[in-house]
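> Got a sequence here, can you build the structure:
(one chain, ligands or ions: 2)
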Amino acid sequence: MITAVGALEAPFTGWENLNPHRVARLARLGIRRVEDLLFHLPLRYEDWSTILPLEHARPGQSALVAGVVELVEVVGGRRRQLLCRISDGTGRLTLQFFHFYSNQRKRLQAGVRLLCYGEVRSGPAGLQMVHPQWRVLATDRSGSSEKGFKPVYPSTEGLDQAFLRRLIHRALGEAMAGRMGDELLPRRLREELGLPKLVDALRLLHAPTSAEAASELMARRHPAVRRIILEELLAHRLSLLRLRGRRQLAKPAPTLQGTGALLEAWFARLPFRLTLAQRRVMREVAKDMGQARPMLRLVQGDVGCGKTVIAALAALTTVEAGWQVAFMAPTELLAEQHYRTFQRWLAPLGVETAWLTGRLTPSGRRDHIKRLASGEIRVVMGTHALFQEQVVFNRLGLAIVDEQHRFGVHQRLALKNKSGMEEVQPHQLIMTATPIPRTLAMTAFADLDVSVIDELPPGRKPITTVAISDARRGQVIERIRHACAEGRQAYWVCTRVEESEACQTEAAEATAQRLRESLPELRVGLVHGRMKGVEKETVMAAFEAGELQLLVATTVIEVGVDVPNASLMVIENAERFGLAQLHQLRGRIGRGAAASSCVLMYHGPLSQAAQARLAILRYTQDGFRIAQRDLELRGPGELLGTRQTGELHYRVADLRRDTDLLPQVRRWAAILLRGCPDRVDALITRWIGEAERYARV
Ligand code: ADP
Ligand code: MG
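Ligands and ions are numbered 1, 2, ... in the order given. Have a look, this model is predicted:
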């Protein structure tokens, strides 16, 4: 690998003579090419346009002041400091310097006129400024020779503002001379939204001319900055769309048209009827699979809406057509649960299903791999273990990925070469755990088609949700006693955020112990992430069979677990969780005939904001609304899970703030893709980089 510095130096050579350290530091700010300088936008602006009379200066305010030096002294003590008092006739101000050079000191002479910019503070001797920016003014000039607003850039250690300003100023000059910063937005789009040209926008952004413009720019509301945001959003969407296009063109998929024989037999045995939404999504999936263009479809829907049924339908269709299915889950626990569900559904139809788990014996594993390669196993469940090199399919026609937000794009694609057939790639069906607000789905999953199951199976009882302080733990325990005495089952979720899994485990063990003592008549089980697979399964199976009444768990049960008789859930430290995650946890109950309740136990006192957050869960059970609120409160990274955040890293755009631009982004991405491939390339290069991160996967 080339060293970071070496690799980065090249883009600036011949343009600016920068030493490797500076190049590396610029790279830390995301500035890797000269053009990146243009898009390194100011955080705020210093107003150098108006001099503030000292009598109006107030502590806490950043201001430009001018005055004549009255007194200069270096005071000793442990830390030497230079004090310099200035006066403008209306008031006095002391400048304080802890670091200074002797030549600086020489320039600060009594009688000299200074222009200073800094934060006004109140000190022992009245108003002061610590380390202000300052310049000596010609004595005969009364006004500021500096004009307008100075940008303050996001920076990093070792890069000062003056350096960044100089570099960016130079880049801006080149852009204005037409040597870089090409206009990439079509004129029609700019006119439609009233957005300025790129060079005009950049000039204003780096040097606004009025206080109003500066404040609108800082708030990211000004058309000049909105056009930059639009460009970035557009570039991201284009790169995902292009990726999708490439994947679909790379190789065809098998056309999977079932005979209907297995499906009919399965439907006949299914104890419920599909909801209308399930039927609609089923049609969408079947249509995709019947085509040679590889399906890339995301199925999203609230917890408990019945996504597994869709997976089964797609799997059966694939098997009918004579192909194999790989079904991936984010955890062993969930993979196993799907395995058991599919065993129950498919074994009676004579479809061979297997579970490729990390805990198979070596010979068991070899056997599975052999039977997969021979095509004997038709449907295989597993975690990422399925991606491993040795696993080769006979005829893989469909890959199903459950609870997608836990897999990154990279994993999404790793299966594509696993079909066992050189000339085809499998269809992909992806299911999310978290309902994703439409706007976010459009951006984060632009490379996928989306189906939404927007209806829950009938007969679901609403879950009553309450927030209770952990000071009332005793009452909560009584509730569990009561519910279990009536034959119901309960979860107790112990959560420690941001601590190691070891700490979580410890906390869960301690909680289980205490609950066993408080509830001696109940059979209490414990499941956590550090348990061995077998142990975990034994506990889960016992809970599912009703042998355990209370299950103490860490968030391993967050996704997918389905035990309809469990109708009470207690979540500890609920205030520390994201809404979407709480909703997901809560989705483990409310699946059976009994009325369910969820106790959000918090460690008080709660801030108003935290109260308001938990209240949202009390008022609504609509996962899409909850996800929307979570997006607004915590941003897309939290909502989609950490692995996805890298892919949503914007330089300027913010999905919470800029959602209103997304419809335009969507529309214009399609137009550009059809009509202007060159611009598409240029936009992707500008915002995402030459390598186009995704191209590698
Ligand atoms: P999720 O969408 O969260 O993965 P599941 O697929 O686990 O939900 O389904 C939740 C529960 O609802 C399961 O017990 C499943 O058998 C049941 N279910 C699914 N579809 C229906 C339906 N149409 N009518 C009744 N119950 C259904
Ligand atoms: Mg599920």
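
> thought residue 222 was touching residue 213?
Yes: counting by Cβ atoms under 8 Å, residue 222 does reach residue 213; the two are 6.3 Å apart. To be clear about C-beta, it is placed using only N, CA and C from the backbone, and glycine gets the same treatment.

> got any residues that touch both of these two?
Counting by Cβ atoms under 8 Å, 6 or more residues apart in numbering, the residues touching both residue 222 and residue 213 are residue 204.

> higher neighbour count, these two?
residue 222 (21 against 18; other Cβ atoms under 10 Å).

> show me the contacts for the nearest residue to residue 223 once chain neighbours are set aside.
Among residues not flanking residue 223 along the chain, residue 195 sits closest, at 5.2 Å (Cβ to Cβ, 6 or more residues apart in numbering). Residues in contact with residue 195 (Cβ under 8 Å, 6+ apart) are 185, 189, 201, 223, 224, 226, 227, 230.

> For the first one, list the residues it contacts.
Taking Cβ under 8 Å, 6+ apart as the criterion, residue 185 is in contact with 195, 198, 227, 230, 231, 234.

> And the buried ones among those, selectable in ChimeraX?
Remark: buried members of the contacts of residue 185, expressed as a ChimeraX selection using 16 or more other Cβ atoms under 10 Å:
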select :195,198,227,230,231,234
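
> Is it possible to get TSV of the contacts of residue 185 that adds distance to ligand 1?
Listed next are the contacts of residue 185 as TSV, based on distance: Cβ to the nearest ligand atom, whole Å:
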residue	distance to ligand 1
195	41
198	45
227	40
230	35
231	37
234	33
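
> Determine which two of the contacts of residue 185 are furthest apart.
Spatially, the most separated pair among the contacts of residue 185 is 198 and 234, at 12.7 Å (Cβ to Cβ).

> what's the single longest strand in the protein?
Longest strand in the chain by number of residues (criterion: DSSP state E): strand 62-75.

> Assumed residue 85 was part of a helix.
No: under DSSP: H, G, I helix; E, B strand; the rest coil, residue 85 falls outside any helix and is assigned strand.

> residues near it, how many?
Residue 85 is flanked by 19 other residues according to other Cβ under 10 Å.

> isn't it right next to residue 54, touching?
No: counting by Cβ under 8 Å, residue 85 does not reach residue 54; the two are 11.1 Å apart.

> elements contacting the helix or strand harbouring residue 363?
Here residue 363 sits within helix 362-374, counting by DSSP states H and E. On a contact count with 3 or more Cβ pairs under 8 Å, 6 or more residues apart in numbering; DSSP states H and E, helix 362-374 meets strand 353-356.

> Packing partners of the strand it packs on?
Strand 353-356 packs on helix 332-346, helix 362-374, strand 379-382, going by 3+ Cβ pairs under 8 Å, 6+ apart.

> make it 6 Å
helix 332-346, strand 379-382 (3 or more Cβ pairs under 6 Å, 6 or more residues apart in numbering; DSSP states H and E).

> Which single residue of the stretch 1-150 of the chain ends up nearest ligand 1?
Nearest residue of the stretch 1-150 of the chain to ligand 1, counting by Cβ to the nearest ligand atom: residue 30, 38.3 Å away.

> Can you report how many residues lie near that residue?
When neighbours are defined as other Cβ under 10 Å, residue 30 has 13 of them.

> Show residues contacting stretch 259-267.
With contact meaning Cβ atoms under 6 Å, 6 or more residues apart in numbering, stretch 259-267 is reached by 316, 320, 349.

> if you set the cut-off to 10 Å instead, what comes out?
Contacts of stretch 259-267 from elsewhere in the structure, counted by Cβ atoms under 10 Å, 6 or more residues apart in numbering, are 258, 273-274, 282, 286, 309, 312-313, 315-322, 345-346, 348-351.

> what comes up buried for it?
Buried residues in stretch 259-267, counted by 16+ other Cβ under 10 Å: 262, 263, 266.

> Where do the helices of the stretch 551-697 of the chain begin and end?
579-586, 608-619, 623-634, 636-640, 642-645, 662-675, 677-688 (DSSP state H, counting those that start in this stretch).

> relative orientation of the last one and helix 662-675 in degrees?
In this structure, helix 677-688 runs at an angle of 130 degrees to helix 662-675, with axes from the mean of the first three to the mean of the last three Cα atoms, to 10 degrees as the basis.

> What is helix 677-688 packed up against?
Contacts defined by 3 or more Cβ pairs under 10 Å, 6 or more residues apart in numbering; DSSP states H and E place helix 677-688 against helix 34-38, helix 223-250, helix 662-675.

> Can I get the very next helix or strand once past the longest one as CSV, trimmed to CA atoms?
Of the helices and strands lying after helix 223-250 in sequence (DSSP H and E), the nearest is helix 261-269. Backbone C-alpha positions of helix 261-269 (Å, rounded to 0.1, in the frame of the first residue of the first chain) are rendered in CSV as follows:
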residue,chain,number,x,y,z
ALA,A,261,-47.5,-26.9,-6.8
LEU,A,262,-45.6,-26.3,-3.6
LEU,A,263,-47.2,-22.9,-3.0
GLU,A,264,-50.7,-24.3,-3.1
ALA,A,265,-49.9,-27.1,-0.7
TRP,A,266,-48.3,-24.6,1.6
PHE,A,267,-51.2,-22.2,1.5
ALA,A,268,-53.6,-25.0,2.2
ARG,A,269,-51.8,-25.7,5.5
